[in-house]
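Engineer: need coordinates for the following:
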Amino acid sequence: MKKSRFIFSLFVILTNCGIYAQTMTVKQYIDSFKNIAMIEMIEHKIPASITLAQGILESGSGNSRLAKQGNNHFGIKCKKEWTGCTILEDDDALQECFRCYTNPKESYRDHSIFLKNNKRYAALFMLSISDYKAWASGLLSAGYATNMKYADLLIGSIERNKLAQYDSLVLNGYNPYNHQMPANIEVVDNKVPYTVVQHNQSIEKIAVDLDKTEKKIIKYNDLKNHQIVPGDVIYLRPKKRKASVENHTVVLGDNMWLISQKYAIKLNVLYKKNKMEMGTEPKPGSVLELREKAEDTPDTIKRQNTEFNKENKTQDNKIANNQNQENGTIIHVVATGETLYSISVKYKISIEELKTNNHLKSEQLYVGQKLSIVKSNNSILPEVTEKQIKHTVVQGETLFAISRKYGVTVEDIKKWNKLQTNSLILGQILTINK
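Structural biologist: This is a model prediction of the structure:
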């Protein structure tokens, strides 16, 4: 950026001369923006300590005119590609154009993108994310600032304000987002301790954080054929052979894995108790035994059974047509490869309406599942072109979650969008080929 003369001079004026009245202390600044810095560390792999130290130095702890009036905490200039609002400030020349933002969070995000997308700083991302000294030196070596004391200033701020603790928090699994991800099922107490998968968590991460082995976590939770997503319940000890209640009535959105997690009952035991073949799913309305053996096998649907789909498609269409004529509700039977998104596009209804109308707590579907389609005039759908879908990334989304939503692979999304890593940016638009 080569803006250090402006930054350093401003910093000296603010802290030593008192020309610009300081209204925020360094501690107040850290408390205000530490969570944003940790989120940027998770999503863009930049140490939170470095981001905070740069913000403190370059905005005078949030008291510079650029920070106060333009929410610009890193002195980023307009450049040709900038189309947002602007603010003028003297720097290398009089009244230079700087970017302004709606809120400080946008400034932090733009700063991360600036480093991530600039080839000049590519070497930084090869460094250990916990080595703030190497990052500080790397920024100076890459030409981020012309002040030869820039690295020392960052390191001094990090050590003086104990900013490295925020790097450690992220690396130890702390969730800096504004909310904890709730469980996607209502757990019925069976005296088995559990945790809920949060953003940016993997089986490996959960195992390390809770002093377990990956092998045990996978075994305890029947994860051999299940990919965890935020909101999943993960047990920390073996599930039991009996639930604390007698039975469970299957509703739309249920599947055997979710039911086994809900009652902390082993998945293979649940299948055996109900005389069901592994891989089949119970139809909504079926009653599953959770303590004693069932007398009869409930009505089931076999996953990925194309013969079942062919055999029942005509009948299901008749049911749907009759329902549609009688009360405006369509019954859709989930086919192989379908997702909530593809169904929402087909019927021009939002995913949230689908989940609400069918009492779904997650986006997991199974083949043969019946969904009630109740159309409204308020559905908001992603932009869809003839051959492509434009998806806008929201907070907490991962490539894996998006791939599941659209029924494609992570590698497909990376290839279509020329992504080199799995990192995503809030508001980023991804192309999904139909």
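
Engineer: residues near the closest residue in space to Ser49 that isn't next to it in sequence, how many?
Structural biologist: Distance criterion C-beta to C-beta, 6 or more residues apart in numbering; nearest residue to Ser49, sequence neighbours excluded, is Leu163 at 3.9 Å. Bear in mind the C-beta positions are built from the backbone N, C-alpha and C, glycine included. For Leu163, the neighbour count with other C-beta atoms under 10 Å is 23.

Engineer: surely Leu163 touches Gln54?
Structural biologist: No - shown here, Leu163 and Gln54 do not form a contact pair, counting by C-beta atoms under 8 Å, at 10.5 Å.

Engineer: let's see the pLDDT reported for Asn200.
Structural biologist: Residue-level confidence at Asn200 comes out at 68, pLDDT.

Engineer: what sits against Asp209?
Structural biologist: Residues counted as contacts of Asp209 (C-beta atoms under 8 Å, 6 or more residues apart in numbering) are 172-173.

Engineer: phi, psi of it?
Structural biologist: Reported as degrees, to the nearest 10, the phi and psi values for Asp209 are phi -60, psi -30.

Engineer: where's it relative to Ser202, distance?
Structural biologist: For Asp209, the distance to Ser202 under the criterion C-beta to C-beta, to the nearest Å works out to 10 Å.

Engineer: show me where the stretch 101-250 of the chain has strands.
Structural biologist: Using DSSP state E, counting those that start in this stretch, the strands of the stretch 101-250 of the chain run over residues 194-196, 233-235, 247-249.

Engineer: and those strands as CSV, adding mean pLDDT and mean neighbour count?
Structural biologist: Supplementary listing: the strands of the stretch 101-250 of the chain in CSV, determined by pLDDT from 0 to 100; neighbours: other C-beta atoms under 10 Å:
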stretch, mean pLDDT, mean neighbour count
strand 194-196, 89, 17
strand 233-235, 93, 21
strand 247-249, 93, 16
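
Engineer: for Asp152, which of those strands is the nearest?
Structural biologist: Using C-beta to C-beta as the criterion, the shortest distance between Asp152 and the strands of the stretch 101-250 of the chain is 41.7 Å, found for strand 194-196.

Engineer: by contact count, what packs against that closest one?
Structural biologist: In terms of contact count using 3 or more C-beta pairs under 8 Å, 6 or more residues apart in numbering; DSSP states H and E, strand 194-196 is assigned the packing partners strand 233-235.

Engineer: ok, and what's touching the strand it packs on?
Structural biologist: Counting by C-beta under 8 Å, 6+ apart, the neighbours of strand 233-235 from elsewhere in the structure are 183-185, 187, 192-197, 206, 217, 220-221, 228, 261-262, 264.

Engineer: what's the answer for stretch 413-431, then?
Structural biologist: The contact list for stretch 413-431, computed with C-beta under 8 Å, 6+ apart, reads 43-45, 109, 112-113, 116, 388-395, 397-399, 402-403, 410, 432-433.

Engineer: residues touching Ser260, list them.
Structural biologist: 222, 239, 266-267, 270.

Engineer: phi first, then psi, for Asn63.
Structural biologist: Taking degrees, to the nearest 10, you get phi -100, psi 0 for the backbone angles of Asn63.

Engineer: count the neighbours of it for me.
Structural biologist: Around Asn63 there are 19 other residues, counting by other C-beta under 10 Å.

Engineer: same thing with Asn274?
Structural biologist: The number of residues near Asn274, taken as other C-beta under 10 Å, comes to 23.

Engineer: can you verify my assumption that it contacts Leu288?
Structural biologist: Yes - because the distance of 5.2 Å satisfies C-beta under 8 Å, Asn274 is recorded as touching Leu288.

Engineer: shared neighbours, the two?
Structural biologist: Taking C-beta under 8 Å, 6+ apart as the contact rule, Asn274 and Leu288 both touch 282, 294, 298.

Engineer: distance-wise, check the second one relative to Val269.
Structural biologist: The one in question is Ala294. From Ala294 across to Val269, the span is 12 Å (C-beta to C-beta).

Engineer: gap between stretch 23-39 and the chain center?
Structural biologist: On the basis of C-alpha atoms, centre = their mean, to the nearest Å, the separation between the geometric centre of stretch 23-39 and that of its chain is 23 Å.

Engineer: who's in contact with that stretch?
Structural biologist: Stretch 23-39 is touched from outside by 48-49, 51-52, 55-56, 59, 61-63, 73, 104-105, 108, 161, 163, 166, 169-170, 174, 176-178, with contacts defined as C-beta under 8 Å, 6+ apart.

Engineer: buried residues in that stretch, which are they?
Structural biologist: Along stretch 23-39, the positions that meet the burial threshold by neighbour count (16 or more other C-beta atoms under 10 Å) are 24, 26, 29-30, 33-39.

Engineer: ok, stretch 138-154 next?
Structural biologist: For stretch 138-154, a neighbour-count test (16+ other C-beta under 10 Å) marks 138-140, 142, 144-145, 147, 150-151, 153-154 as buried.

Engineer: one more: stretch 173-189?
Structural biologist: The neighbour-count check on stretch 173-189 (16+ other C-beta under 10 Å) flags 175-176, 181, 183-185 as buried.

Engineer: lowest-confidence helix or strand of the chain?
Structural biologist: Of all the helices and strands that make up the chain, helix 306-327 has the lowest average by mean pLDDT, DSSP states H and E, namely a mean of 38.

Engineer: gap between the residue nearest to Ser49 and Ser61?
Structural biologist: For Leu163, the distance to Ser61 - C-beta to C-beta - is 13 Å.

Engineer: next one: Leu340
Structural biologist: According to C-beta to C-beta, Leu340 and Ser61 sit 45 Å apart.

Engineer: same question, Ile129
Structural biologist: When C-beta to C-beta is the yardstick, Ile129 and Ser61 sit 24 Å from each other.

Engineer: between these two, which is the more surrounded one?
Structural biologist: When Ile129 and Ser61 are compared for neighbours, Ser61 comes out ahead with 26 against 19, by other C-beta under 10 Å.

Engineer: now that one. Nearest residue, chain neighbours left out?
Structural biologist: Once flanking residues are discounted, Ser61 sits nearest to Tyr29: 4.3 Å by C-beta to C-beta, 6+ apart.

Engineer: mind telling me what element the one you found is part of?
Structural biologist: Counting by DSSP states H and E, the element that carries Tyr29 is helix 26-44.

Engineer: for that helix, what is the average pLDDT?
Structural biologist: Here helix 26-44 scores 91 as its mean pLDDT.

Engineer: tell me the helix or strand right after that helix.
Structural biologist: Counting by DSSP H and E, the element after helix 26-44 in chain order, helix or strand, is helix 48-59.

Engineer: among the contacts of stretch 413-431, which ones are buried?
Structural biologist: Using 16+ other C-beta under 10 Å as the burial test, those include 43-45, 109, 112, 116, 389, 391, 393, 397-399, 402-403, 410, 432 as buried.

Engineer: of those residues, which is the nearest to Cys97?
Structural biologist: Sorting these by distance to Cys97 puts Arg109 at the head of the list, at 19.7 Å, by C-beta to C-beta.

Engineer: I appreciate the help and will end here.
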